[in-house]
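Chemist: Have a look; sequence and predicted model below, questions after that.
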Protein chains: 2
Amino acid sequence: MTATRESIPARIEEKAIKAKKAAKRLRLTTEKEKNEALFTLAEHLVTNMQYILDENEKDIEAGRSKGYDAAYIDRLSLNEDRVLDFAKGLKDVASLEDPVGETLSSWTLDNGLKAEKVRVPLGVIGMIYEARPNVTVDAAGLALKSGNAVVLKGGSSAIHSNKAIVSCMHDALAETAIPQDAVQFIESTDRSATKELFKMKEHIDVLIPRGGGSLIQEVVENATVPVLETGVGNCHLYIDKDADTKKALSIMINAKTDRPAVCNALETLLVHEQWLQENSAALITALQDHGIQVHGDEKALRHIPGAKPADESDWRNEYLSLDIAVKVVHGVEEACDHIETYGTKHSEAIITENPETAETFLNTVDAAALYHNASTRFTDGGALGFGAEIGISTQKLHARGPMGLKELTTCKFIMKGNGHIR
Amino acid sequence: MTATRESIPARIEEKAIKAKKAAKRLRLTTEKEKNEALFTLAEHLVTNMQYILDENEKDIEAGRSKGYDAAYIDRLSLNEDRVLDFAKGLKDVASLEDPVGETLSSWTLDNGLKAEKVRVPLGVIGMIYEARPNVTVDAAGLALKSGNAVVLKGGSSAIHSNKAIVSCMHDALAETAIPQDAVQFIESTDRSATKELFKMKEHIDVLIPRGGGSLIQEVVENATVPVLETGVGNCHLYIDKDADTKKALSIMINAKTDRPAVCNALETLLVHEQWLQENSAALITALQDHGIQVHGDEKALRHIPGAKPADESDWRNEYLSLDIAVKVVHGVEEACDHIETYGTKHSEAIITENPETAETFLNTVDAAALYHNASTRFTDGGALGFGAEIGISTQKLHARGPMGLKELTTCKFIMKGNGHIR
């Protein structure tokens, strides 16, 4: 009968229910109210910068004492510039067009019934993510602008930072037309807390996992709430026999080395045998100059000194490092077949000056983004001109590629009659 | 080492893999090839009508011997007209616009990279359904026209009919540019066969369950393949105090009695207290004239003679019969709250002459289709003018409401550069 032993599931469900109630009110908020709220959120984060940085320091210390590596600590770390970026990001989202209320189509039936398909918010978005505290701000901003409530479940390593950010956001929302309950934060760092969210189909409309492959797999395998799958990118570059050597090498180096740890980075090079025979010296120099370690098939090993033999896992996994798998192929069909088998439907590129070969590749390969003579690194909401993104979808339902505000909406049909019956 | 003991899972996976290979070829087929194939399918079904009807007779006999009721036997039964309807349906699908290849948007980035978002097939559709053999034809037709392969898993009670139909379709496809493997049929009537499909994420892009609530629940709860949820419709009609009595009664009767067993039929009447007081005599007459059994809340019981008391299950479940739940409310807000709690986000209607009240209802209620002064029976691909539908989505991701050809597609981004790097 006391509240002290209230269970984790009950507390999490309570938050999801609050989010659902807030979502109902959010449907009726105006663009102006939402934009004002985003600016207020931005101000509060800047005003409370020292508090956020102090709390972040606790996470960093805990991370160091647990022996996390430098890259992990870096992802976790905030500083003045990063907090200012939070505020800028929120203001940028405010400047994006409001997707809600857009008439997607309208028509009149033969019987005179007027039909309209309009864009409306999804409702409640469940966001499950790992170390980066910026996701807390980005997800809240995108959710609110698209008229959705959000339930945030961040990683335990960023718990102090996330709590501080959410606390500032709640204070800010109290000054706005947006209900505070529109942003819910699951404080429990227990993994079972995440699992609770998986089944809350009655209260949560979609789950978006952002993080490593194992997190995403766990959500996909266990959730009954619909999932928008993001992120894993085993991206390929096919260098055709008709490739321009300069383009091929500069795109290969850019896609592999610009940011090796991101999902649109290159992982496997498929190279036409003839091109390789003619250009192996230039390729070897480029790889060596950039410290790239090759894992090659038999033929690649013959051409590339220092290459290690590749096995099945080299074709299948993301390195997210300066390693690259290299397979020698005999044409665009073989390249497409390899991608069909091993690709994760993220970003795939072909380098060729032959337009027919390019068309075959672009029509055959099944992925979110396909590139002809360009780097896979462009698969990104910002780079493509969509504004902020909540993740990059690698599934085919609902959204594919970078997901922005529109991808956080659904539609409804509104039919107006005058006593119409069927 | 022998094939005789090959397991059900292995055989089902083999079919899914064949479908995936066929899907790759389907991406490159033209609209003309697809339409010719649909016409050939239609011809073969008509030519083999007697064979199909003979096989159907086996299902009917088996159904009778199992004691299935008349309505079930009717859903299972084919006759000449129904087979002719299959053929007509396929030709109608051929006449619909091909959604594949449509440019959804195109733009040029500041750096000159040309971007295009184009519509492409989903890939492989897994269709899990119950007694009606027409789904076998409809699903194959819609899948092929939208460039998809399909894996069909029909109910065991229609196994002979479905096998006969698929056998005719395979013979037909052999004469066309569409690979025979594009239509796969799971012959096993074992329930474990269905479960195998749930997990084949590598080969199947989407599962569409069509049937009763328990089938749909089973798929949603167990599938790791993304699901397009269809069908359960706990639809409400709210009669406001400012309702036109004639419209209210005729729409109520139409929505309840036109086809009580379908998902867009009316299940719960929410009636404004004032309207009820003024119109109870007319309402009672209308209900009695149509043999409608009322399950009412306390206030409704006072006004409607012969009504049974309603409990929680009356608000929550679909009757799919001439029963109706009736709750007396005090305004549009209370009506919206009730729908928020008990609705299944299918079709919801308001009857009022007050435009403001109508706007409140249309903006507040979260459902696929909302009606002002019209019957919920219009939520149907044919009635709305979309052509054939593969089901009515009651979820919010990807598709909402009637799903036609476009809903069986996804998109991809095609970027054309000239050595572009980031």
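Modeler: Received it, and whenever you're ready, just let me know what you need.

Chemist: residues in contact with the nearest residue to A:Val227 once chain neighbours are set aside?
Modeler: Closest residue to A:Val227 apart from its sequence neighbours, by CB to CB, 6 or more residues apart in numbering or on different chains: A:Leu207 at 5.0 Å. Where you see a C-beta, it was placed from the backbone N, CA and C, and this is true even at glycine. Applying CB atoms under 8 Å, 6 or more residues apart in numbering or on different chains, one finds that A:Leu207 lies in contact with A:Gly126, A:Met127, A:Ile128, A:Leu197, A:Phe198, A:Val219, A:Ala223, A:Val225, A:Pro226, A:Val227, A:Leu228.

Chemist: Just the buried residues of the biggest strand by length in chain A, please?
Modeler: Counting residues, the longest strand in chain A under DSSP state E turns out to be strand A:409-420. If you call a residue buried by 16 or more other CB atoms under 10 Å in any protein chain shown, then strand A:409-420 has these buried ones: A:Thr409, A:Thr410, A:Cys411, A:Lys412, A:Phe413, A:Ile414, A:Met415, A:Lys416, A:Gly417, A:Gly419, A:His420.

Chemist: What lies in contact with the helix or strand containing A:Met169?
Modeler: Assigned by DSSP states H and E, A:Met169 belongs to helix A:159-173. Here helix A:159-173 makes contact (CB under 8 Å, 6+ apart) with A:37, A:40-41, A:43-45, A:48, A:51-52, A:54-56, A:58-59, A:62, A:76, A:78, A:86, A:133, A:136-137, A:140, A:152, A:154, A:179-180, A:182-183, A:185, A:187, A:189.

Chemist: Sitting in strands, which of these do you find?
Modeler: Within the contacts of helix A:159-173, residues falling in strands by DSSP E are A:Leu152, A:Val183, A:Phe185.

Chemist: Can you tell me which of those residues lies closest to B:Thr364?
Modeler: Comparing those against B:Thr364 with CB to CB picks out A:Val183 as the nearest, at 21.5 Å.

Chemist: List, one by one, the residues from the stretch 251-400 of chain A near chain B.
Modeler: Proximity of the stretch 251-400 of chain A to chain B is confined to A:251, A:254-255, A:258, A:340, A:358, A:362-364, A:366-375, A:377-379, A:383-385, A:395-398, A:400 under the rule CB under 8 Å from any CB of the partner chain.

Chemist: Just the buried residues of those residues.
Modeler: Of the members of those, the ones counted as buried by neighbours, 16+ other CB under 10 Å, are A:251, A:254-255, A:258, A:340, A:358, A:362-364, A:366-375, A:377-379, A:383-384, A:395-398, A:400.

Chemist: And the helix of greatest length in chain A, what does it pack against?
Modeler: Assignment by DSSP state H gives helix A:8-26 as the longest helix of chain A. Of the remaining helices and strands, those touching helix A:8-26 by 3 or more CB pairs under 8 Å, 6 or more residues apart in numbering or on different chains; DSSP states H and E are strand A:124-129, strand A:149-153, strand A:183-185, helix A:191-198.

Chemist: Which one, of those, ends up nearest to B:Gln288?
Modeler: Across the helices and strands packed on helix A:8-26, the minimum distance to B:Gln288, taken as CB to CB, is reached by strand A:124-129, at 42.8 Å.
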